[in-house]
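Asker: I need the structure of the sequence given here:
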Amino acid sequence: HWYLLLSHFLSFFIFLLIIFIIFIILTITIIPHLIVLTIFKMNLKIQDVVVITAFLWGLIWQVYKTSRFYFQYPTNVYISLEQTEEDLVPGLTVCAALDIRNATALSSIYPNENYTEDVGLRKIERAFLSAPIDKLHKYTDFAGDLNLSCIIKCVNDERFTSHGSFCSDVSCERYAESIQTLAYRRKDILKCITYFHNTNRSKPYMERNNFEKNFINIEIYSSESVDLLIDMHSQYAIPYINHRGYTLLDTDRMKVASIDYQLIKVNLLPSPYVTDCDNYETYTSGRLGCFEECQKTIYLSNFSIWPPVVPAKSEVTYSFEEKERTHYWTYRQRLMRLNKICNQNCPLPQCHTYTFDHRIRFIDGSHDIPHNISRKIKIQRPTRFDMVYSHRPAIQFIEFFSFIGSALGMWFNISCITLYKFFKKWSIKLDTIFCEDPDISKNVAPEPIIPKYLKPRYRSEFINKLNLKKTKNGPKRNYLSMFSYY
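Answerer: Numbering: from 1, shown residues only. The predicted model follows:
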């Protein structure tokens with residue numbers, strides 16, 4: 001937040017200003033006087049003065065460099081490998097083009113208008129783009145009669161395992177909520193299905209690693225060539241259609257595809273460290289949710305249309321484009337500027353993120369596969385360790401404190417013991433100067449206290465036995481002679 005950043009900046013600036021003022025005062029006034037007084041009092045030679053001055057500047061330089069490094073709050077990255085008994089179920093999104101060239105679907109969307117194939121392909125496409133999104137969900141479907149079937153293999157969840165059974169195969173829609181969304185990219189509308197979507201960040205979907213190699217199976221059927229986009233991501237997010245994690249699959253060139261993946265976690269540190277991140281706790285999907293809310297607010301308030309790349313659910317009543325729109329390139333440039341505004345509203349990265357590094361290999365692929373057969377995508381359980389990138393402070397406060405102490409000890413032999421002796425010596429001097437007892441201040445021994453119960457003839461002997469010794473710090477009684485008398 002801006003006020004936290006401002007407070008950190010002001011505190012750091014005030015600290016530097018105070019250090020600078022103290023340094024200037026010491027350099028101009030106090031340090032030269034101390035050097036001159038030391039020369040006259042200790043009768044130092046010129047070479048001693050040069051050495052002491054050099055040591056002083058060496059101390060200042062080392063303290064400055066150490067302090068500057070510490071207050072920049074740098075971080076080091078620690079890479080570790082983890083292996084857990086349970087595997088995190090990845091969010092899975094599969095996208096394909098929507099059939100927006102079919103004029104018969106427009107009669108249901110626009111019952112009062114007459115759309116036929118003679119109208120023209122460009123006008124039909126514009127009619128689909130300007131149609132309400134909820135009606136597109138209702139009356140349109142994938143191009144090429146695409147059909148997807150998803151199954152998660154050998155589930156150990158108690159919700160689906162009966163008594164006596166170790167695991168069972170469950171459909172992805174039954175295991176967790178699946179969400180259908182629409183997105184607009186390059187004058188095409190893409191329909192996406194997101195499996196294993198989770199809205200509860202405290203309870204992620206986990207599956208026990210039961211050494212079953214196959215994890216998720218997706219069966220694909222289409223009557224013609226279809227390009228699929230597939231992405232593995234967080235359970236709490238629905239990725240944008242322009243996300244870099246999407247992988248393109250051509251159904252003409254595959255019969256069986258295998259995907260293996262590795263979980264990668266990244267942990268950043270919040271302000272004042274250089275990673276400066278935010279948890280975005282108000283959004284379920286983190287920074288992506290912040291960016292999505294910003295885009296929806298700006299697009300809906302300025303253009304009354306839905307943001308093109310933001311996934312649109314079935315309850316959205318807006319359209320992707322205006323039905324009557326002019327100045328195409330000016331319009332697109334304004335939209336690009338609005339994207340920059342959202343990047344400024346959500347500038348900080350998310351503190352804790354995880355991604356899935358997935359690789360695809362074709363088990364059975366060729367150029368002569370017919371269209372009317374099923375294809376399979378098999379997602380394997382992770383066999384590699386989870387990789388964790390953790391940012392930690394490059395220098396802790398105890399290390400910074402040790403660096404300053406070692407600099408003082410190296411240049412001027414200053415330690416806790418020497419400081420204790422110094423303050424003890426000066427406390428004794430201050431006591432002798434400001435003490436209220438006149439006898440002690442004048443270094444005069446006090447009168448001895450003679451017990452009243454002694455008879456008069458024994459008092460003189462008691463005084464003779466009482467041995468008073470004077471030292472430079474004041475009189476001191478010899479109590480041993482007193483005890484020997486008794």
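Asker: from here on, contacts and neighbour counts on C-alpha atoms
Answerer: Fine.
Asker: run through the stretch 151-300 of the chain and note the low-pLDDT ranges.
Answerer: Low-confidence segments of the stretch 151-300 of the chain (pLDDT under 70): 162-165.
Asker: what about 50?
Answerer: By pLDDT under 50, the stretch 151-300 of the chain has no low-scoring segment.
Asker: all strands in it, in order from the N-terminus.
Answerer: Using DSSP state E, counting those that start in this stretch, the strands of the stretch 151-300 of the chain run over residues 168-171, 177-185, 188-197, 206-208, 214-221, 227-233, 247-250, 256-267.
Asker: export these to JSON lines and append columns for distance to residue 50 and mean neighbour count.
Answerer: Converted to JSON lines, the strands of the stretch 151-300 of the chain look like this (distance: least, C-alpha to C-alpha, whole Å; neighbours: other C-alpha atoms under 10 Å):
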{"stretch": "strand 168-171", "distance to residue 50": "83", "mean neighbour count": "16"}
{"stretch": "strand 177-185", "distance to residue 50": "73", "mean neighbour count": "19"}
{"stretch": "strand 188-197", "distance to residue 50": "72", "mean neighbour count": "23"}
{"stretch": "strand 206-208", "distance to residue 50": "69", "mean neighbour count": "15"}
{"stretch": "strand 214-221", "distance to residue 50": "75", "mean neighbour count": "19"}
{"stretch": "strand 227-233", "distance to residue 50": "65", "mean neighbour count": "20"}
{"stretch": "strand 247-250", "distance to residue 50": "69", "mean neighbour count": "14"}
{"stretch": "strand 256-267", "distance to residue 50": "50", "mean neighbour count": "18"}
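Asker: among those strands, which is nearest residue 62?
Answerer: Judged by C-alpha to C-alpha, the one of the strands of the stretch 151-300 of the chain that comes nearest to residue 62 is strand 256-267, at 31.9 Å.
Asker: what's the angle from the closest one to strand 227-233?
Answerer: If you take axes from the mean of the first three to the mean of the last three C-alpha atoms, to 10 degrees, strand 256-267 sits at 30 degrees to strand 227-233.
Asker: strands paired with strand 256-267, and their directions?
Answerer: Using DSSP bridges, strand 256-267 pairs in its sheet with strand 352-364 (antiparallel), strand 375-380 (parallel), strand 386-393 (parallel).
Asker: comparing those, which comes out most buried?
Answerer: The highest mean neighbour count among the strands paired with strand 256-267, using mean count of other C-alpha atoms under 10 Å, belongs to strand 375-380: a mean of 20.
Asker: chain center to that strand: distance?
Answerer: Centroid separation for strand 375-380 versus its chain: 34 Å, with C-alpha atoms, centre = their mean, to the nearest Å.
Asker: who touches that strand?
Answerer: Residues from elsewhere that reach strand 375-380 (C-alpha atoms under 8 Å, 6 or more residues apart in numbering): 213-221, 251, 254-261.
Asker: wait, what's in contact with the residue positioned nearest the centre of the chain?
Answerer: Centroid-nearest residue in the chain: residue 351, 2.0 Å away (criterion: C-alpha atoms, centre = their mean). Under the criterion of C-alpha under 8 Å, 6+ apart, the neighbours of residue 351 are 266, 267, 268, 269, 270, 277, 278, 279.
Asker: before we move on, back to that, which of the strands paired with strand 256-267 sits closest to residue 235?
Answerer: Checking the strands paired with strand 256-267 against residue 235 by C-alpha to C-alpha gives strand 352-364 as the closest, at 10.0 Å.
Asker: can the strands paired with strand 256-267 go into CSV with extra columns for mean pLDDT and distance to residue 54?
Answerer: Converted to CSV, the strands paired with strand 256-267 look like this (pLDDT from 0 to 100; distance: least, C-alpha to C-alpha, whole Å):
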stretch, mean pLDDT, distance to residue 54
strand 352-364, 84, 48
strand 375-380, 89, 66
strand 386-393, 94, 32
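Asker: for those, which one sits closest to residue 127?
Answerer: Closest to residue 127 of the strands paired with strand 256-267 is strand 375-380 (C-alpha to C-alpha; 32.7 Å).
Asker: ok so, going back, adding distance to residue 81, write the strands of the stretch 151-300 of the chain out as a markdown table.
Answerer: Output for these, formatted as a markdown table (distance: least, C-alpha to C-alpha, whole Å):
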| stretch | distance to residue 81 |
| --- | --- |
| strand 168-171 | 30 |
| strand 177-185 | 31 |
| strand 188-197 | 25 |
| strand 206-208 | 18 |
| strand 214-221 | 22 |
| strand 227-233 | 20 |
| strand 247-250 | 26 |
| strand 256-267 | 10 |
